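Student: return a 3D structure for these sequence lines:
(2 chains)
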Amino acid sequence: MALNVLVTDDSKIMRAAIIRTLKMAGIPVAEIHQAENGQQALEVLDQQDIDLLLADINMPVMNGEELLEQVRSTPALRPLDVIVISSEASPARIRRIEGRGACFIKKPFKPNELRRTVMRLTGESDEPGGDSSEDADF
Amino acid sequence: MNQVATHPKTLIFEACERAFSDSAFMMAAPLDSAPDPEPSWAGMKVHFTGPLVGEMTLRLNRDLIGDLAANFIGADEPPAEDVQNDALGELVNIICGNLLPDLTDEEGVFDITHPEPVETAAELGGGAGQVHDVYMSIDDGFGHLRVVLE
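Tutor: This next block holds a predicted model:
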C-alpha cells in the first residue's frame, strides 16, 4: 500500500533530503506533505489522511517531542506511525521517544535504514522497489 | 565546569569528518591552524544545554557552502542562498548532536537550539569558557569548528 507521508522539519534542505531519501529507499509513497513545525504538522494531520509522520525534534513553535505527545493524546491520531529523526541520539532521548510508541532514527542516516524502519512500522515486506542500493547518508 | 572527555579535539574532528562525509560527500583533514590570511567565510552557531552546556560554531569558506548544499540534496547546481545557509545550519546541528554524547560520560538529554548565523570573528565566542578549536581542510577549502563549554 502506498503511504501518505508528512515530513516535519524546520529546515527546508533537510525536508528535501528526507523526501529524496524516501524515494531512493523505494518506499511506496502516494502523497508527500510538508510542515515546518509541530503546530503546522497538527494542522496537516487534521486535514489530510496521513499514514506516516516523520518529525525532527528541534523545531520552533512546537518541537517534535511536543508533537508526538499531542499525537498520542488525540484519539483520532493515536495509532499513527511516527518516526522521530534527530542528530541528538542520547540513550535517554531514544528511550523517551520509544516510550511514546515512536521509532527513532539518528541523522545522518542511510536510505536502507529509513526503509527498514518504515517497513517495520507499517508491517510491509522489505523488498526494495527503488534505488536503495545507493549508499548516501542524510 | 563540565566533565569532558580527555581528548576532545580528536572526538571533535572525528564528528566533523563523519558529518561532512556522510551528509555531503566532502572529505575533511585536520589542520594545525587557520590559513593566513583567512578566506571569506560564513558560519552558523548552536547553543546546547544538558549534561554539557555551551555553544558550537561551524564556519566554512563561502565558496564551499554552495557545493555543501548541492551535495546535501543531490542537486547538480547550488541551491538558493537561504537554502545554502540552511545546509550549514543543519550540518552544525548534526555535528553537535552526534558529538555531545561522546564528550561526556554523564547520561542525559541534550537540547540544541535553532542554528543562528555568525558573521564576525567576535561572534565566535569563548570568553571564560573552555574553548576547543578544530581547523580542517574540507575538499579544496577551509573549515573551523569551535566548541565552547561553560
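
Student: residues contacting A:Asp46?
Tutor: Residues in contact with A:Asp46 (C-beta atoms under 8 Å, 6 or more residues apart in numbering or on different chains): none are found. Where C-beta positions appear, they are placed from N, C-alpha and C, glycine not excepted.

Student: show the pLDDT at it.
Tutor: With respect to pLDDT, A:Asp46 scores 96.

Student: and the host helix or strand of it, what's buried?
Tutor: Counting by DSSP states H and E, the element that carries A:Asp46 is helix A:38-47. By neighbour count with 16 or more other C-beta atoms under 10 Å in any protein chain shown, helix A:38-47 contains the buried residues A:Gly38, A:Gln39, A:Gln40, A:Ala41, A:Leu42, A:Val44, A:Leu45.

Student: can you check stretch A:1-10 too?
Tutor: Neighbour counts over stretch A:1-10 (16+ other C-beta under 10 Å) mark A:Leu3, A:Val5, A:Leu6, A:Val7, A:Thr8, A:Asp9, A:Asp10 as buried.

Student: isn't there a helix covering the fourth one?
Tutor: No: with DSSP: H, G, I helix; E, B strand; the rest coil as the criterion, A:Val7 is located in strand rather than a helix.

Student: got a list of what residue 15 touches?
Tutor: This is for chain A. A:Val7, A:Asp9, A:Gln34.

Student: chain B, not that one
Tutor: For B:Ala15, the contact set (C-beta under 8 Å, 6+ apart) comprises B:Ile95, B:Asn98, B:Leu99, B:Asp102.

Student: which non-adjacent residue is nearest it?
Tutor: Nearest residue to B:Ala15, sequence neighbours excluded (C-beta to C-beta, 6 or more residues apart in numbering or on different chains): B:Leu99, at 3.9 Å.

Student: give the rounded mean pLDDT of the helix or strand containing the one you found.
Tutor: Counting by DSSP H and E, the element that carries B:Leu99 is helix B:81-103. What helix B:81-103 shows for mean pLDDT is 93.

Student: now A:Glu69: which helix or strand?
Tutor: helix A:64-73.

Student: please compute how far that helix lies from its chain's middle.
Tutor: Computed by C-alpha atoms, centre = their mean, to the nearest Å, the chain-centroid distance of helix A:64-73 equals 13 Å.

Student: name the next helix or strand downstream of that helix, please.
Tutor: Next in sequence after helix A:64-73, counting helices and strands by DSSP H and E, comes strand A:81-86.

Student: who's in contact with that next one?
Tutor: Strand A:81-86 has contacts (C-beta under 8 Å, 6+ apart) with A:9, A:18, A:51-58, A:64-65, A:68, A:71, A:93, A:97, A:101-107, A:109, A:114, A:117-118, A:121-122, B:97.

Student: which strands border that strand, and is each parallel or antiparallel?
Tutor: Note on strand A:81-86: by DSSP bridges, its sheet partners are strand A:52-56 (parallel), strand A:103-106 (parallel).

Student: count residues in the vicinity of whatever residue of chain A ends up closest to chain B, would you?
Tutor: Nearest residue of chain A to chain B, counting by C-beta to the nearest C-beta: A:Ser87, 2.7 Å away. By other C-beta atoms under 10 Å in any protein chain shown, the residues close to A:Ser87 number 25.

Student: show me what contacts it?
Tutor: Per C-beta under 8 Å, 6+ apart, neighbours of A:Ser87: A:Lys106, A:Lys107, A:Pro108, B:Asn93, B:Ile94, B:Ile95, B:Cys96, B:Gly97, B:Asn98, B:Ile112.

Student: which residues sit in contact with the residue positioned nearest the centre of chain A?
Tutor: Nearest to the mean C-alpha position of chain A, counting by C-alpha atoms, centre = their mean, stands A:Leu54 at 1.6 Å. With contacts defined as C-beta under 8 Å, 6+ apart, A:Leu54 is in contact with A:Val5, A:Leu6, A:Val7, A:Thr8, A:Asp9, A:Ile18, A:Val82, A:Ile83, A:Ile85.
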